[in-house]
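*Asks:* Could you look at this predicted model? Sequence included:
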Amino acid sequence: MIAASLTNRLADPSLVREQALVAGEWVDAAARIEVRNPSTGELLAEVADMALSDIRRAIVAADVAQRLWAEATGKERAPFFGAGMIWSSPIPTIWPQS
């Protein structure tokens with residue numbers, strides 16, 4: 001569930017996802033966590049409440065990606081920071097997916 005009051009304020013409503021990005025892929029979860037506006041209590045969205053196994057997989061993938069990013073040259077990193085660049089889903093990568 002994503003509230004229209006949230007998506008109506010975004011230039012690109014597709015950026016709000018109910019899934020979690022784990023190792024380069026969008027993953028559903030059996031459980032959800034409510035996200036509320038702290039000043040009004042309005043329910044804005046429900047997001048994935050990931051299982052421990054998915055959390056561990058995400059941490060390992062992030063560690064591998066960070067190490068590969070650290071080894072990348074400035075020339076290899078440059079395309080990720082182009083002027084006005086909008087990333088698509090999933091985020092483009094220069095390393096193999098795990």
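*Replies:* Thanks, I have the structure now. Numbers count the residues shown, from 1 in each chain.

*Asks:* where does this protein have its least confident helix or strand?
*Replies:* helix 4-7 (a mean of 74; mean pLDDT, DSSP states H and E).

*Asks:* which residues sit against that one?
*Replies:* With Cβ atoms under 8 Å, 6 or more residues apart in numbering as the contact definition, helix 4-7 has outside contacts at 13, 16, 42, 44, 45. Any C-beta I mention is one placed from the backbone N, CA and C, and that applies to glycine too.

*Asks:* go with 10 Å
*Replies:* When contacts are taken as Cβ atoms under 10 Å, 6 or more residues apart in numbering, the neighbours of helix 4-7 outside the stretch itself are 13, 14, 15, 16, 35, 37, 40, 42, 43, 44, 45.

*Asks:* which strands and helices sit next to the host helix or strand of residue 69?
*Replies:* Assessed by DSSP states H and E, residue 69 sits inside helix 52-71. The helices and strands touching helix 52-71, judged by 3 or more Cβ pairs under 10 Å, 6 or more residues apart in numbering; DSSP states H and E, are strand 20-22, strand 25-27, helix 74-77.

*Asks:* Report the distance from that helix to the chain centre.
*Replies:* Per Cα atoms, centre = their mean, to the nearest Å, the displacement of helix 52-71 from the mean C-alpha position of its chain is 13 Å.
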